[in-house]
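Asker: coordinates for the following, if possible.
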Amino acid sequence: MSHPSFSQFSHRTIRSLLSLTIVLGSLQVNAQEKMFLHLTSHSTLGAPIGSTDSIWFSSDSTTAFFQIGDTLVQHLLTEIDSITFGAPSDTVFIDYNGGWFSVINPYAFEGLDVAVSGADAIVTSANDTLDVVYCLSGSSSDGMFKLYSETPYTLVLNGVNLTNSDGPTINIQAKKSGEIVQIGGTSNTLTDGAVYADPPSGEDQKGAFFSEGALQFSGSGALTLTASGDGIDGDEGEVMISGGTVEIEVPGDACKGIKTDLAINLNGGTVNILNSGDAVLEASGAGYDPSYCTAVKSDDDIVVNGATVTIESTGMAGKGFSADDGIKSEYLIETDNATLSITSSVEGLEAPFININSGTVEIKSSDDCINTTFGLGGELDDGSLLQITGGLISLNTTGGDGIDSNGDILFTGGVYSGGTFKKSFTINSKITQVTF
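Answerer: Predicted structure coming up:
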């Protein structure tokens, strides 16, 4: 994604500001045009021509004043590199360069602020009518992007490489949905800090890519996340991946590759996850509950529909996919026309309801490869269900069961090989091939 082009009406010398009032008058016929103030602080601020009332100078000619709508701003002439005019743009460009970044903000006087602290970009979009595109590029070894937004947004990753030493690299403090576009041909890397600084009161921050709202990843580029916390944490929003290549490495104990309280949909692209952390015991009443290091974790549905997913889970008690039922709802893992490969794990798939409809599922584990359970403990029938209607299922376990169900197992198609069965299972219709 390229920067917007500007038509420069004034010379790059500051004295040419004197001609601006004449230029503005001639441009009033097109109130959609933008005036851009290019500052020496690497910031470009866009202002609607139709809202620019007047420009004047201090008596000593050292300061320029701009009355833009109800906002009065002032800059020393030495702070202004040039002034240009161009077409409107819906994109905020942020280009990281080591310890700083440059920004082009076309909405600077329309409720969108970009605060600068070194290479930390903190964006506040208070205008509830703007659907803004944010394009990130460049690199920094101590930078991050944080967003507060009242509207849905698009975040474009255009060859951005960021490490944040004390928190998430991307931190979306917005309940609104975001589309994350990985530009084709680009490689993007995000690395969070080993120790997070305390967040502002009332804020969460749980992963290298954290969001309070739904996330939809698309495009054809590559995104690599190395996370001390979670990799992608959607908190209370859905997470969808429909394109590109997403690689996540999660070495932290009890951390998750992809996590959210709501649904996870892997509809396309390639997803590779390596999680190597161990389980952590968390106090619960008079006892403890284990929190596992899990590649994909949801308190709702997990659907793999068309994506190619490879998981290596090497930590103690590590899990591949886990969709836990915490209250009374029915939650499931489902695969359709997907390629799912879990090359190493303690348990592979775990949920109350698991549907394998088509595609290829290959799992290697040290305990159960597939486990349908409500997690109530014991071996009694808890109403969970595994359904296999098609696909190629290959299971290899060194210490558990290929399939362990606390409820029924229903086969209506597909090819199954490897592993053993625990509990009873029901065969309905036909099985193309079964190899035990």
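
Asker: do you know how far residue 138 is from residue 185?
Answerer: 16 Å (CB to CB, to the nearest Å). No exception for glycine: its C-beta is placed from N, CA and C like everyone else's.

Asker: who has more neighbours out of the two?
Answerer: residue 138 (19 against 10; other CB atoms under 10 Å).

Asker: can you pull the pLDDT of the closest residue to residue 236 other than its chain neighbours?
Answerer: Nearest non-adjacent residue to residue 236, counting by CB to CB, 6 or more residues apart in numbering: residue 261, 5.0 Å away. As predicted, residue 261 sits at a pLDDT of 91.

Asker: hmm, residue 276 is touching residue 294, no?
Answerer: No. With contacts defined as CB atoms under 8 Å, residue 276 does not count as touching residue 294, sitting 11.8 Å away.

Asker: what about these two, which has more around it?
Answerer: Between residue 276 and residue 294, counting by other CB under 10 Å, residue 294 is the more crowded of the two (32 against 18).

Asker: isn't the more buried one right next to residue 256, touching?
Answerer: Yes. Counting by CB under 8 Å, residue 256 is a contact partner of residue 294 at 5.0 Å.

Asker: who touches both of the two?
Answerer: Common contact partners of residue 294 and residue 256 (CB atoms under 8 Å, 6 or more residues apart in numbering): residue 275.

Asker: give me the sheet partners of the strand ranked longest in the chain and which way each runs.
Answerer: Using DSSP state E, we find that the single longest strand of the chain is strand 153-163. Note on strand 153-163: by DSSP bridges, its sheet partners are strand 132-140 (parallel), strand 178-182 (parallel), strand 187-191 (parallel).

Asker: now mean pLDDT too, for those, in CSV please.
Answerer: Listed next are the strands paired with strand 153-163 as CSV, based on pLDDT from 0 to 100:
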stretch, mean pLDDT
strand 132-140, 98
strand 178-182, 97
strand 187-191, 98
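
Asker: hmm, residue 232 and residue 255 touching each other?
Answerer: No. Judged on CB under 8 Å, residue 255 makes no contact with residue 232 at a distance of 11.3 Å.

Asker: pick out whichever of the two has more residues nearby.
Answerer: residue 232 (31 against 27).

Asker: and the strand or helix carrying the more buried one, what does it pack onto?
Answerer: In the assignment (DSSP states H and E), residue 232 maps to strand 230-233. In terms of contacts (3 or more CB pairs under 8 Å, 6 or more residues apart in numbering; DSSP states H and E), strand 230-233 is packed against strand 207-211, strand 245-250, strand 256-260.

Asker: hey, which of these is tucked in deepest?
Answerer: For the helices and strands packed on strand 230-233, the largest average neighbour count (mean count of other CB atoms under 10 Å) is found in strand 207-211, namely a mean of 30.

Asker: just the helices in the chain please.
Answerer: Here the chain has its helices, by DSSP state H, at 20-27.

Asker: which neighbours do residue 255 and residue 232 have in common?
Answerer: Joint contacts of residue 255 and residue 232 (CB under 8 Å, 6+ apart) are residue 207.

Asker: tell me the domain boundaries of the protein?
Answerer: 14-86, 89-372 (automatic domain parsing).

Asker: to residue 406, which of these lies closest?
Answerer: Closest approach to residue 406 among these is made by domain 89-372 (6.4 Å; CB to CB).

Asker: put together a markdown table for the strands paired with strand 153-163, with distance to residue 355 on each row.
Answerer: A markdown table is the format used below for the strands paired with strand 153-163 (distance: least, CB to CB, whole Å):
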| stretch | distance to residue 355 |
| --- | --- |
| strand 132-140 | 37 |
| strand 178-182 | 27 |
| strand 187-191 | 32 |
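
Asker: how many other residues sit next to residue 288?
Answerer: Residue 288: 11 neighbours (other CB under 10 Å).

Asker: right, I mislabeled it, should have said residue 39
Answerer: 16.

Asker: thanks a lot, catch you later.
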